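K.L.:
model this:
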Amino acid sequence: MSTVASDVDALFANTSGCAHVVHLYEKEDVFLDTLEGFTNGGLRAGEVVVLIATGTHLFALEQRLQESGWDVAALREHGHYIAVDAALALAGFMRDGRVDEQLFEATVVALVDAAREGGKRVRTFGEMVALLWAAGNREATHRLEVLWNNLCRDRSLSLLCAYPRQQPEPDEVMHGICALHDQVLVA
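P.N.:
Numbers count the residues shown, from 1 in each chain. Below you'll find the model as predicted:
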């Protein structure tokens with residue numbers, strides 16, 4: 001496991017309120033190490049882990065989880081592990097290239113609230129912002145990060161976002177997006 005993965009797990013392990021962290025990464029394996037550490041940490045702590053990620057990343061993560069001894073099917077069956085395809089989630093609340101806040105409430109917020117049922121602590125990973133960023137939709141990316149911030153604060157979530165770093169270095173909009181997070185991890 002990479003140092004970033006250990007750092008992110010330690011950060012979330014010591015948080016009782018909202019923690020919104022972004023990971024800017026260059027290599028897929030480093031990102032997957034971080035996502036695995038984030039997920040393992042939540043599962044070990046008895047938290048419900050909600051992942052809204054690309055199918056490719058979910059598949060790779062689930063292989064890693066299985067290899068490290070987790071029974072993903074059982075975790076899913078008992079509601080400890082909830083995985084949603086990021087593109088499908090986006091389709092549920094994007095309208096005409098914009099974030100529809102009511103639909104976000106009806107989809108993402110409803111998903112998180114269902115996971116929190118009975119007072120359970122929730123760790124959430126969201127990759128939808130990276131998909132919007134990659135599509136060049138800066139306004140929707142920023143708006144979605146603001147909505148995540150509100151959800152994190154209102155529900156005391158542990159929340160991880162991730163963006164692949166691309167050259168040239170991120171523009172001013174990305175600097176503004178990073179400012180919406182409690183911590184920025186770069187690796």
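
K.L.:
all contacts plus neighbour counts: C-alpha atoms, from now on.
P.N.:
Will do.

K.L.:
how is the residue nearest the centre of the chain assigned, secondary-structure-wise?
P.N.:
The centroid of the chain falls nearest to Phe125 when counting by C-alpha atoms, centre = their mean (1.6 Å). Of the three states, Phe125 takes strand under DSSP: H, G, I helix; E, B strand; the rest coil.

K.L.:
partners of it in the sheet?
P.N.:
Assessed by DSSP bridges, Phe125 has beta-bridge partners Leu51, Leu160.

K.L.:
need the contact list for it.
P.N.:
Neighbouring residues of Phe125 by C-alpha atoms under 8 Å, 6 or more residues apart in numbering: 49-53, 159-161.

K.L.:
of those, select the buried ones using a PyMOL command.
P.N.:
Isolation of the buried members of the contacts of Phe125 (16 or more other C-alpha atoms under 10 Å) is achieved in PyMOL through the command below:
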select buried, resi 49+50+51+52+53+159+160+161
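
K.L.:
can you give me the helices in the chain?
P.N.:
Counting by DSSP state H, the chain has these helices, from start to end: 3-13, 28-44, 55-67, 72-77, 86-93, 101-104, 110-116, 128-134, 138-155, 172-179.

K.L.:
can you put those helices in a markdown table and add mean pLDDT and mean neighbour count?
P.N.:
A markdown table is the format used below for the helices of the chain (pLDDT from 0 to 100; neighbours: other C-alpha atoms under 10 Å):
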| stretch | mean pLDDT | mean neighbour count |
| --- | --- | --- |
| helix 3-13 | 63 | 18 |
| helix 28-44 | 94 | 20 |
| helix 55-67 | 97 | 14 |
| helix 72-77 | 98 | 13 |
| helix 86-93 | 97 | 17 |
| helix 101-104 | 98 | 16 |
| helix 110-116 | 97 | 17 |
| helix 128-134 | 96 | 19 |
| helix 138-155 | 95 | 18 |
| helix 172-179 | 87 | 13 |
